[in-house]
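**Q** Have a look; sequence and predicted model below, questions after that.
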Amino acid sequence: MAYWNGFVPGQSLPPATMPDRTAISLRNNLFPGQGVTLDGNWSLAEGAIALQRDAWTKSQQVMTQNAAIESHAKAKAEVAKARKADAEARKADAEASLAEAEVKEKIRAAKAEADARIRVAEAEEANKIRVDEAETTTKIRVQAAEAREADLKILKLGKEIDVFTGECEVKEYLCFLSVRPSLCLSLTACFSD
């Protein structure tokens with residue numbers, strides 16, 4: 001005879017709350033290591049709701065961090081524009097000093113040197129801008145992916161709450177968790193009757 005979780009097929013399931021009011025420990029799948037221990041006055045559904053609220057708070061923190069990263073990226077772009085303007089100002093100064101030179105050879109040498117420095121400075125600034133933009137884009141994508149994962153876990157916790165409160169049948173819950181169809185059918189057969 002097949003047993004599942006200590007129950008014989010055909011038996012009814014025990015109630016969702018603990019009758020002896022002992023402490024229960026719930027694991028937080030969204031943020032491991034941050035589970036909740038409930039005293040006997042809480043039901044499993046209330047504990048799941050507490051975990052869902054915690055997960056929502058964490059997702060809000062992730063969204064706030066995304067906004068901070070985006071504003072930081074905009075500030076870096078403004079700094080890069082200021083650096084470019086400074087480089088253009090230095091270029092103008094170099095060209096003015098070349099016009100004041102008395103000897104043509106000194107003027108040519110100074111102009112070549114100034115142009116080389118400007119090209120190096122512009123190339124360095126362009127590289128810094130590209131690196132900053134790439135880092136910012138990567139951070140934003142990672143934060144967006146974490147926010148999507150948090151949203152999916154919140155949906156899963158909501159489904160678990162529905163199961164604990166009886167608003168969803170076991171068969172729906174197992175199919176929601178992507179259990180193999182044959183296992184899903186065999187487990188629902190155990191819970192029927």
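**A** Ah, there it is.

**Q** Give me the mean pLDDT for the host helix or strand of S97.
**A** Using DSSP states H and E, S97 falls within helix 44-99. Averaging pLDDT along helix 44-99 gives 82.

**Q** okay, the angle between the helix or strand just after that helix and helix 44-99?
**A** The helix or strand immediately downstream of helix 44-99 is helix 104-165, counting by DSSP H and E. Orientation of helix 104-165 against helix 44-99 (axes from the mean of the first three to the mean of the last three C-alpha atoms, to 10 degrees) gives an angle of 170 degrees.

**Q** And E133, how far from A110?
**A** Separation of E133 from A110 (C-beta to C-beta, to the nearest Å): 34 Å. C-beta here means a position set from N, CA and C on the backbone, and glycine is covered the same way.

**Q** meant to ask about E95, not that
**A** For E95, the distance to A110 equals 10 Å [C-beta to C-beta].

**Q** follow-up on the earlier one: who has more neighbours, E133 and A110?
**A** A110 (17 against 14; other C-beta atoms under 10 Å).

**Q** hang on, isn't that one packed against S97?
**A** Yes: A110 is in contact with S97 according to C-beta atoms under 8 Å; the separation is 6.8 Å.

**Q** which of the residues in stretch 145-158 are buried?
**A** By neighbour count with 16 or more other C-beta atoms under 10 Å, stretch 145-158 contains the buried residues E146, A147, A150, K153, I154, K156, L157.

**Q** now those in CSV, with pLDDT?
**A** Formatted as CSV, these follow (pLDDT from 0 to 100):
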residue, pLDDT
E146, 90
A147, 87
A150, 85
K153, 86
I154, 84
K156, 82
L157, 81
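
**Q** Nearest to E70 among those?
**A** Within these, proximity to E70 (C-beta to C-beta) peaks at A147, which comes in at 12.9 Å.

**Q** So for that closest one, what's the nearest residue that isn't a sequence neighbour?
**A** Nearest-residue entry for A147: V62, 4.9 Å, with adjacent residues in sequence omitted and distances by C-beta to C-beta, 6 or more residues apart in numbering.

**Q** How about D151?
**A** Nearest non-adjacent residue to D151, counting by C-beta to C-beta, 6+ apart: S59, 6.5 Å away.

**Q** so who does that neighbour touch?
**A** Neighbour list for S59: A147, A150, D151, I154 [criterion: C-beta atoms under 8 Å, 6 or more residues apart in numbering].

**Q** And the pLDDT for the nearest residue to A73 once chain neighbours are set aside?
**A** In this structure, A73 finds its nearest non-sequential neighbour in T136, 3.7 Å apart by C-beta to C-beta, 6+ apart. At T136, the pLDDT value in this model is 92.

**Q** Next one: T136 from A114, what distance?
**A** Counting by C-beta to C-beta, the gap between T136 and A114 amounts to 32 Å.

**Q** swap in I49?
**A** I49 is 68 Å from A114, by C-beta to C-beta.

**Q** Please apply the same query to E122.
**A** Counting by C-beta to C-beta - E122 and A114 are separated by 12 Å.
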